[in-house]
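Novice: Predicted structure and sequence below. I'll ask about it afterward.
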Amino acid sequence: MEKQQDLFADNGGRPKKKASAPVKPEPKATAKTPETLAVAQAKEAPAPRPATTSGSMGDDAFRWMVDSNFIQYASYVIRDRAIPDVADGLKPVQRRILYALAEKDDGKFIKVANIVGHTMQYHPHGDASIADALVSLTNRRYLIEGQGNFGNIFTGDPAAASRYIECRLTPLAREEIFNDALTAFVPSYDGRNKEPVRLPAKLPLLLMLGAEGIAVGLSTRILPHNFGELINAQIAILQKKPFELLPDFQQAGLMDASEYEKGNGRIRLRAAMEPRGEHAVVITELPFGATTDSIMASIEDAARKKKISIKSIDDFTAAKVEILVQLGQGDTPAKAIEKLYAFTQCEVSISPRLTVIRDNRPVEMDVDEVIRQNTKDLKRILERELRLEHANLLEELHAKTLIQLFVEHRIYKDIEECKTFEAVKKAVFDGVNKYRDQLRRDVTAKDVEMLLGIAIKRISKFDLEKSRKDLERIVKELAAVEKNLSDLKNYTIRYLKNLLRSYGADYPRRTKIKAFKAVEVRELTAADLTVGFDPEKGYVGHEVKGEELFSCSPHDRVLVVWKDGRYTVTPPPDKVFVGDDYLYCAIMNRTRVYTMVFTHEDSTYLKKFTFGGAIMNKEYFCTPEGSKVLLFTEGKPGHVYVKYAKQKRLRILQQAFETAKIPTKGVKAKGIRMTIKKVRWIGTEKPRGWDNAQSTPSGAFMDFL
């Protein structure tokens with residue numbers, strides 16, 4: 001069962017963002033007529049306005065007014081402006097533009113200004129919105145062919161004024177989306193004209209064109225797909241075979257659609273680029289939504305922030321994209337390409353949301369549901385066309401048979417003696433009814449009037465043999481139509497394959513599908529900053545000249561520890577004062593194990609620990625306040641060697657403490673008490689002067705605190 005998410009709540013008519021569970025679809029909508037529109041509006045209208053007892057508006061009346069106006073405005077924006085209809089894939093302004101073009105279509109180019117003016121009799125929102133929508137449709141290539149400057153999708157340059165450019169329907173649009181006999185019409189906004197409720201499009205326009213729109217409480221972002229792949233998917237649906245649909249963009253580029261999730265997930269897009277020589281990179285394709293201007297601006301911004309080193313950047317884009325980036329010293333093309341993906345708009349992420357109007361209500365669908373719905377609609381439209389063609393062929397066969405009988409049997413001679421028009425009609429009626437067995441239906445008064453309207457010249461030059469051949473042709477066409485109606489599925493498949501043969505080569509896939517790993521920004525910039533320490537002035541930072549401590553990425557976090565047990569985690573500092581009490585500075589690794597020995601209240605303690613998480617720029621203590629750190633080292637040393645200060649009656653002057661079995665705990669743990677003696681020296685390696693011959697007991701930890 002197809003899933004659909006109802007995006008309207010019944011709570012006072014207010015729309016909500018997302019329902020908690022799928023809902024059952026509304027009954028299928030009939031053609032919009034003034035009567036059905038009135039019924040629909042009555043059903044959606046808010047409750048009657050509460051009566052007030054005083055001259056001023058009460059709270060209930062005010063609430064009613066707000067609810068009433070809000071739901072009317074929200075419904076209008078959602079259904080009549082921002083969200084496309086799944087049936088024909090068009091927003092109202094697009095539908096009106098195409099219908100206006102069809103009315104004006106004579107195969108020649110027409111001034112866009114004329115089409116805009118003609119569309120204004122259907123669209124109440126002015127010429128600017130119409131012109132923008134027309135240019136956008138033209139740049140998508142499928143339905144409207146432009147002549148003149150319609151802007152540039154690569155550079156973002158706008159189109160020329162509508163009085164200077166021309167357009168016309170493409171053959172694909174002219175043949176596949178119009179049929180007035182199958183179209184329901186309603187009065188336009190001013191009642192002077194009639195406009196289509198939706199067009200009988202036989203193409204999956206919603207996924208071909210894509211759409212973006214923001215309405216009240218919801219939005220839609222539908223990505224465009226490839227024409228040929230959509231048609232092949234419809235064939236697969238009819239043949240009950242599996243299929244997969246992925247977006248395709250005119251800007252081409254590279255796409256990782258592993259998280260697309262049928263139109264409600266995420267895709268990642270990249271510009272296509274390649275090395276040019278040893279010191280340059282050229283960008284040849286853009287990701288969807290980017291322009292050459294936005295790409296260049298993002299590269300220049302990254303260069304200002306010293307994330308990438310460039311000498312110059314030049315745009316040679318014309319019919320194809322060509323942005324040349326000259327690299328600075330120290331950057332190779334391979335490394336520069338990774339940095340361009342990491343720090344500029346050369347890589348973007350897009351999260352689509354497939355919200356459409358279905359049966360006059362907004363619902364969330366996925367790509368598979370939409371293409372299945374389009375295929376079902378296509379079968380229904382083709383069936384209606386076949387039935388209409390069948391009826392027209394029957395009428396043509398009936399009319400030609402009547403004319404042949406009328407002329408071949410000289411029935412027109414029977415009216416020579418008639419004195420009244422009624423007698424003439426009766427004579428013709430009786431004459432053709434003698435051959436009723438050769439007709440498909442009864443003769444009507446309209447048929448008689450048609451026969452009486454035949455010119456004498458046509459009767460005198462009537463070609464009986466040609467008439468018989470015409471009748472044979474019509475009979476054959478009727479048989480073909482009836483055969484197609486009896487096997488509608490295969491007829492639809494043949495129709496789709498013919499579409500592919502006729503137009504598939506015109507719309508090849510442009511975006512390359514390629515899974516790519518996310519750029520590890522920290523690895524890419526691991527050596528961008530060199531943190532130094534100036535012991536004379538007491539400063540640490542990547543702008544400090546002095547002892548070089550380590551190289552890091554701007555995305556790393558730096559741990560600084562002081563001798564009194566204080567520590568903090570910060571971004572790589574430019575220049576920060578740490579003073580004489582400074583002990584340790586390194587890239588923060590929350591799982592790295594440290595071993596520390598410190599004194600507190602005349603006792604010496606040891607602990608192994610990890611720092612874990614920390615809030616940026618907040619000061620913490622890894623020892624009790626008032627402590628002094630004697631030893632701080634990374635890792636898990638096997639032994640800690642201690643020399644004690646000489647005191648009266650002190651026989652043991654050195655000890656080695658085995659630490660391998662000491663457990664690793666968190667930064668807040670106090671540790672294990674080693675000794676209460678005064679420590680003169682401590683380290684993880686035997687110091688010079690260590691008396692290996694001295695027989696002293698190994699250090700024993702006194703307790704766990």
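Specialist: Looks like it came in fine. Here the structure is a predicted model, which is why all the values come from computation and not from measurement.
Novice: Show me this structure divided up by domain.
Specialist: Domain segmentation of the chain under automatic domain parsing yields 5-234, 267-350, 379-506, 520-579, 589-705.
Novice: Can I get the ones you listed in JSON lines including mean pLDDT?
Specialist: Formatted as JSON lines, the entries for the domains of the chain read as follows, by pLDDT from 0 to 100:
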{"stretch": "domain 5-234", "mean pLDDT": "80"}
{"stretch": "domain 267-350", "mean pLDDT": "92"}
{"stretch": "domain 379-506", "mean pLDDT": "90"}
{"stretch": "domain 520-579", "mean pLDDT": "88"}
{"stretch": "domain 589-705", "mean pLDDT": "88"}
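Novice: Could you dump the ones you listed into CSV and include mean neighbour count?
Specialist: Backbone N, C-alpha and C define where each C-beta goes, glycine included. As requested, these are arranged in CSV below (neighbours: other CB atoms under 10 Å):
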stretch, mean neighbour count
domain 5-234, 17
domain 267-350, 18
domain 379-506, 14
domain 520-579, 17
domain 589-705, 14
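Novice: of all these, which lies closest to F243?
Specialist: With distances scored as CB to CB, the stretch of those nearest to F243 is domain 5-234 (4.3 Å).
Novice: and that closest one, how far out from the chain's middle?
Specialist: Using CA atoms, centre = their mean, to the nearest Å, we find the averaged C-alpha position of domain 5-234 to lie 19 Å away from the chain's own average C-alpha position.
Novice: mind listing the helices for the stretch 401-550 of the chain?
Specialist: Residue ranges of the helices in the stretch 401-550 of the chain, as given by DSSP state H, counting those that start in this stretch, are 421-433, 445-452, 456-460, 464-486, 488-503, 521-524.
Novice: Got the phi and psi for E685?
Specialist: E685 has phi and psi values of phi -120, psi 150 when expressed as degrees, to the nearest 10.
Novice: list the contacts for the closest residue in space to it that isn't next to it in sequence?
Specialist: In space, and not counting its chain neighbours, E685 is closest to Y641: 7.0 Å by CB to CB, 6 or more residues apart in numbering. Residues near Y641 by CB atoms under 8 Å, 6 or more residues apart in numbering: Q654, Q655, A656, F657, I682, G683, T684, E685, K686, P687, W690.
Novice: if I've got this straight, Y641 is in a strand?
Specialist: Yes - looking at Y641 with DSSP: H, G, I helix; E, B strand; the rest coil, it is inside a strand.
Novice: hmm, back to that, want to try CSV for the helices of the stretch 401-550 of the chain, with distance to R63 as columns?
Specialist: CSV is the format used below for these (distance: least, CB to CB, whole Å):
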stretch, distance to R63
helix 421-433, 69
helix 445-452, 60
helix 456-460, 73
helix 464-486, 56
helix 488-503, 52
helix 521-524, 52
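Novice: do you know which of those helices lies nearest D314?
Specialist: When the helices of the stretch 401-550 of the chain are ranked by proximity to D314, the top entry is helix 521-524, at 24.5 Å, counting by CB to CB.
Novice: As TSV, the contacts of Y641 with secondary structure and distance to Q329 would be great.
Specialist: Output for the contacts of Y641, formatted as TSV (DSSP: H, G, I helix; E, B strand; the rest coil; distance: CB to CB, whole Å):
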residue	secondary structure	distance to Q329
Q654	strand	55
Q655	strand	55
A656	strand	52
F657	strand	52
I682	strand	47
G683	strand	43
T684	coil	42
E685	coil	42
K686	coil	47
P687	coil	46
W690	coil	51
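Novice: which SS class is F598?
Specialist: State at F598, reduced to three classes by three-state DSSP: strand.
Novice: So what sits opposite it in the bridge?
Specialist: Bridge pairing for F598 (DSSP bridges) gives the partners Y605, V629.
Novice: and the gap between the closest residue to V428 other than its chain neighbours and S460?
Specialist: Nearest residue to V428, sequence neighbours excluded (CB to CB, 6+ apart): V448, at 5.1 Å. As judged by CB to CB, to the nearest Å, V448 and S460 stand 21 Å apart.
Novice: go on, L471?
Specialist: Taking CB to CB as the criterion, L471 is separated from S460 by 21 Å.
Novice: Excluding chain neighbours, give the residue nearest to N617 in space.
Specialist: For N617, the closest residue by CB to CB, 6+ apart turns out to be T570, at 5.5 Å.
Novice: Ok, H542 next?
Specialist: Distances taken as CB to CB, 6+ apart place L529 nearest to H542, at 4.1 Å, with adjacent residues excluded.
Novice: ok, what's across the strand from the one you found?
Specialist: When bridges are assigned using DSSP bridges, the partners listed for L529 are C552.
Novice: got it, and L327?
Specialist: Beta-bridge partners for L327, by DSSP bridges, are I310.
Novice: Does it touch I310 like I think?
Specialist: Yes - the pair L327 and I310 qualifies as a contact (CB atoms under 8 Å) at a distance of 6.0 Å.
Novice: hang on, the earlier thing: quick one, what contacts the residue nearest to V428?
Specialist: Residues counted as contacts of V448 (CB under 8 Å, 6+ apart) are K425, V428, F429, V432.
Novice: distance of the nearest residue to the third one once chain neighbours are set aside from I454?
Specialist: When you say that, I think you mean F429. What sits nearest to F429 in space, not counting adjacent residues and going by CB to CB, 6+ apart, is V448, at 5.4 Å. According to CB to CB, V448 stands 11 Å off from I454.
Novice: Next: H390.
Specialist: Computed as CB to CB, the H390 to I454 distance reads 26 Å.
Novice: Kindly report the same for Y644.
Specialist: Look at Y644 and I454: by CB to CB, they are 132 Å apart.
Novice: Kindly reformat the domains of the chain as JSON lines containing distance to I357.
Specialist: Below are these laid out as JSON lines (distance: least, CB to CB, whole Å):
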{"stretch": "domain 5-234", "distance to I357": "5"}
{"stretch": "domain 267-350", "distance to I357": "22"}
{"stretch": "domain 379-506", "distance to I357": "18"}
{"stretch": "domain 520-579", "distance to I357": "41"}
{"stretch": "domain 589-705", "distance to I357": "47"}
